[in-house]
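Trainee: here you go, sequence then predicted model.
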Amino acid sequence: MGATKYANRSIPRISLADFDNRIDEITSQLVKAAETDGFFSLTDTQISISEIDAIFTTSESFFALPDDAKATVAFTHKNVGWEKRSQVRPSTGFPDQKESYQLQFGDNMADKWIAEAALPGFKARAQIFMDKAQGVSEMLMTCFARGLGFPDDFFVKVHNITRPDCQSVLRLLHYFEVDRANGPIPESFYRAGAHADWDLLTLLFQRSGESGLEICPGREVVTSFGMGDTWTKVVFNPGDIVCNIGDLLMSWSDDRFKSTFHRVKAPSEADDYYGPRYSIAFFNQPCLDCTIQGPLKKYPTVTGAEFTKAAMDRNFGALQAKKEQLSQRERTNTATPVTPQVAASA
Ligand SMILES: O=C(O)CCC(=O)C(=O)O
Ligand SMILES: [Fe+2]
């Protein structure tokens, strides 16, 4: 594998301190970040370092369960539950080398919470954290609504976590350790293959020392899969929340705000992190019956359900094209593409 091409870009760091008094200043900083690389980190948020540490401990305790216990809450196409090595990104055609557990607020979670007896306190701890993540998201939604000239509660209203059909997701992630002793990793090995998220916006919680998140800016229209090959490492400060704009907000802003390709790099170079990696993503997904259109009406009006279906269809189409390309290569290569199991939110 050749050396990765890197460019140094600085990812803006935006403070949410004194939010109510500074809302216009924060809005202009967020809008600027969204218009350029679509990635930024938040500091002085309502979530403390010890709360972030605690949810990572909770997440680790879930992943430490035996697979047959985790399989009691197996992934379903309602975008909830546990999966292992089954999410295939259209950019790669191979499953990410990770396991994840997706949690939601409403009815979709009905039988997908790990049993209290298997992991006492898990559900209560996760729900407290999900509420906190929603709180930070709502601050950002208010600013982005204001920045686009919509009423302040425009995005908050359609990402209402008290609705039983709410679609937002907390995804706990565990990328498996890579044993350097086994030699170079195969070309088909990815931690999280390059992708753009298709939600409104994503909050990412990272752990110190567990690097790997990289971005590849340059996407100009939401319908394109085109991606460059020059990456930037996302460096974060403990306690910060890394955020990225998703396809939904890119579309809802008539492509003004950028939903940027990103990945968790499979370790292959000297400075890369080979150990087990834990991260947590909070995806803000719209209610299915909301209507979506940017102020300039660049794209036709769609419902939340239609937007999600179109995103999944686009992903599926791109994955088919990738599999076709891989199977043509197969004549000279023994690696076999895999059929996707997970059509997740990103
Ligand atoms: O694990 C990370 O740091 C990023 C995860 C991510 O991009 C995703 O799950 O969509
Ligand atoms: Fe992502």
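Mentor: Structure received. Numbering: from 1, shown residues only. Ligands and ions are numbered 1, 2, ... in the order given.

Trainee: so where's the stretch 201-346 of the chain shaky on pLDDT?
Mentor: Within the stretch 201-346 of the chain, the segments meeting pLDDT under 70 span 226, 331, 333-346.

Trainee: break down it into its helices, ranges please.
Mentor: Along the stretch 201-346 of the chain, counting by DSSP state H, counting those that start in this stretch, helices occupy 247-252, 304-329.

Trainee: need the residues that contact the first one.
Mentor: Contact partners of helix 247-252, identified using CB atoms under 8 Å, 6 or more residues apart in numbering, comprise 34, 38, 144, 148, 196-201, 222, 257-259, 285-286, 292-294, 299, 307, 311. Using the backbone N, CA and C atoms, a C-beta is placed for each residue, glycine as well.

Trainee: beta partners for the closest residue to ligand 1 within the stretch 151-300 of the chain?
Mentor: Nearest to ligand 1, among the residues of the stretch 151-300 of the chain, is S279, at 3.4 Å (CB to the nearest ligand atom). Counting by DSSP bridges, S279 forms beta bridges with L173.

Trainee: that one and ligand 2: what is the separation?
Mentor: According to CB to the ion, to the nearest Å, S279 stands 10 Å off from ligand 2.

Trainee: L203 is in contact with that residue, correct?
Mentor: No. Checked against CB atoms under 8 Å, the pair S279 and L203 is beyond contact range at 11.0 Å.

Trainee: ramachandran angles for R207?
Mentor: Main-chain dihedrals, R207, degrees, to the nearest 10: phi -110, psi 140.

Trainee: could you pull up the contacting residues of it?
Mentor: With CB under 8 Å, 6+ apart, R207 has these contacts: F56, R277, Y278, S279.

Trainee: ok, the closest residue to T142 other than its chain neighbours - contacts?
Mentor: Closest residue to T142 apart from its sequence neighbours, by CB to CB, 6 or more residues apart in numbering: D152 at 5.0 Å. By CB under 8 Å, 6+ apart, D152 lies in contact with T142, A145, R146.

Trainee: swap in R329?
Mentor: Neighbours of R329 in contact, by CB under 8 Å, 6+ apart: none.

Trainee: from R85, how far out is it?
Mentor: Per CB to CB, to the nearest Å, R329 is found 21 Å from R85.

Trainee: again with S15
Mentor: S15 is 39 Å from R85, by CB to CB.

Trainee: for the stretch 151-300 of the chain, what lies in contact range of ligand 1?
Mentor: Counting by CB under 6 Å from any ligand atom, the positions of the stretch 151-300 of the chain adjacent to ligand 1 are R171, L173, A192, D197, L204, Q206, L213, H262, V264, S279, A281.
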